[in-house]
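Participant: Provided below for reference: sequence and predicted model.
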Amino acid sequence: MNSQVKRKGRSTSSVALLAALLILSSGCEEESQQAVQERGPVAGTDESTTPTPSAASANSQAANDPDAGQPPVIVNSPPPAAIVEVKLAERDAATCLIKQGEQFPAAALSNSSGEATELRATFGASASVVLFWSADESYSVKWLEDLLFETVGKQPGVNVTAINTSADTQAAEELLATKLNDASLADPQGFAALHDADKALYSQVSTGPLPRLFLIDADGKVLWFCIDYSNASYDELQSALRFVAAGSGTE
C-alpha cells in the first residue's frame, strides 16, 4: 500500500516539474522575441543590410529632387556644320554624271504655267537644294515632303527647286499642290517647281533611278549630293545647310 502511494507521489512530482520547465521555457522565448523586436534586426541579416526608407524620407527626397522618379531626357544635338565627302559604291558612282565640286548644268525648264524658266534663276543667294522627283517614285516624294516642311523658307538665302521628271505633269502638279497644302505653304517664298518631262536635264545628271538631290552654291557648283533617301543622307544635308548658314552669317 505504502509502496503504491510512493510511486504515485513520485509520478505527480515529475509531471509538476516538467510543466514548470515548459512554462519557464515559453516565458524566456517570448522575452527573447520582445528583446529582438526592441533592438531591431540582427546585424548580417538581409533586413539589416537593406533597410526600407520611411514614407517621410521618400517624400523628403522627392521634394529635394524634382526629377526623382522621372525618365531620363535624351537630347538629340543637331549635326555639326560640315560638308562631307560623298562616297559611293563603284556601281552607284558610275550612274552619277555630275560629281561633287563640279558645275551643275544650265537648263531652261517649264514651270506650272508652261513657261520656260532658267534653272539658275530659281537659285538662292547662298545655296539651292535641287530635287529630281516623280509622283510615282515614293522615296523622291518623301524627300519632297521633308524639304517642304523643314527647308523651304527656313534659312535665308537658301532656295529649293523641285524638278519633276515624269511625263505626267498633271499628276505631279496635283500631288505637289497636296503636299504644299499639307505643309501650309500657300505661296512659298524661295521655292520653285519645274518640269523636265523629257528628262533632257536629268540625262545630263544621272543614268540611275530617282531620287537625286543636289546642294548647289551661288555659283552653280555642287557642294553635296545624294542618290537615296535615308537618315544618313538627311543628316548630311542638314550638316551642309548649317555649314552654308555659318558661311553666310545666317546661323
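Facilitator: Done, it's in. Only a predicted model underlies this, so the values are computations on that prediction, with no experimental measurement involved.
Participant: any weak-confidence spans in this protein?
Facilitator: The chain contains residues with pLDDT under 70 at 1-76, 249-251.
Participant: Which residue ranges of it form helices?
Facilitator: Listed in chain order, the helices of the chain (DSSP state H) span 2-39, 46-49, 55-64, 90-93, 138-150, 169-182, 202-205, 231-248.
Participant: Any buried residues in the fourth one, and which?
Facilitator: Neighbour-count burial for helix 90-93 flags no residue at all (criterion: 16 or more other Cβ atoms under 10 Å). (Glycine included, C-beta is placed from N, CA and C.)
Participant: Output it as PDB, nothing but the C-alphas.
Facilitator: The C-alpha atoms that make up helix 90-93 are tabulated as PDB, following Å, rounded to 0.1, in the frame of the first residue of the first chain:
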ATOM      1  CA  GLU A  90      31.600  51.900-107.700                       C
ATOM      2  CA  ARG A  91      28.400  50.900-109.500                       C
ATOM      3  CA  ASP A  92      26.400  53.700-107.900                       C
ATOM      4  CA  ALA A  93      29.200  56.300-108.700                       C
END
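Participant: residues near residue 122, how many?
Facilitator: Residue 122 sits with 21 neighbouring residues when counted by other Cβ atoms under 10 Å.
Participant: just checking, residue 111 touches residue 196?
Facilitator: No. Because the distance of 11.5 Å does not satisfy Cβ atoms under 8 Å, residue 111 is recorded as not touching residue 196.
Participant: which one of the two has more residues nearby?
Facilitator: For residue 111 versus residue 196, neighbours defined as other Cβ under 10 Å are more numerous around residue 196 (21 against 13).
Participant: Report the separation between the residue nearest to residue 99 when sequence neighbours are not counted and residue 135.
Facilitator: With sequence-adjacent residues excluded and distances taken as Cβ to Cβ, 6 or more residues apart in numbering, residue 99 is closest to residue 222, at 7.0 Å. Separation of residue 222 from residue 135 (Cβ to Cβ, to the nearest Å): 25 Å.
Participant: Repeat that for residue 244.
Facilitator: From residue 244 across to residue 135, the span is 29 Å (Cβ to Cβ).
Participant: Between these two, which is the more surrounded one?
Facilitator: Between residue 244 and residue 135, residue 244 has the larger neighbour count (other Cβ under 10 Å), namely 25 against 20.
Participant: how close does the closest residue to the more buried one other than its chain neighbours get to residue 95?
Facilitator: In space, not counting the residues next to it along the chain, residue 244 is nearest to residue 127; the distance is 4.6 Å by Cβ to Cβ, 6+ apart. Between residue 127 and residue 95 the computed distance is 24 Å (Cβ to Cβ).
Participant: The two - which one has more neighbours?
Facilitator: For residue 127 versus residue 95, neighbours defined as other Cβ under 10 Å are more numerous around residue 127 (24 against 14).
Participant: hey, what's the more buried one bridged with?
Facilitator: Bridge pairing for residue 127 (DSSP bridges) gives the partners residue 158, residue 217.
Participant: ok, now which ones touch it?
Facilitator: If you count contacts by Cβ atoms under 8 Å, 6 or more residues apart in numbering, residue 127 has them with 157, 158, 159, 215, 216, 217, 218, 223, 241, 244.
Participant: hmm, 6 Å instead?
Facilitator: Listed by Cβ atoms under 6 Å, 6 or more residues apart in numbering, the contact set of residue 127 reads 158, 217, 244.
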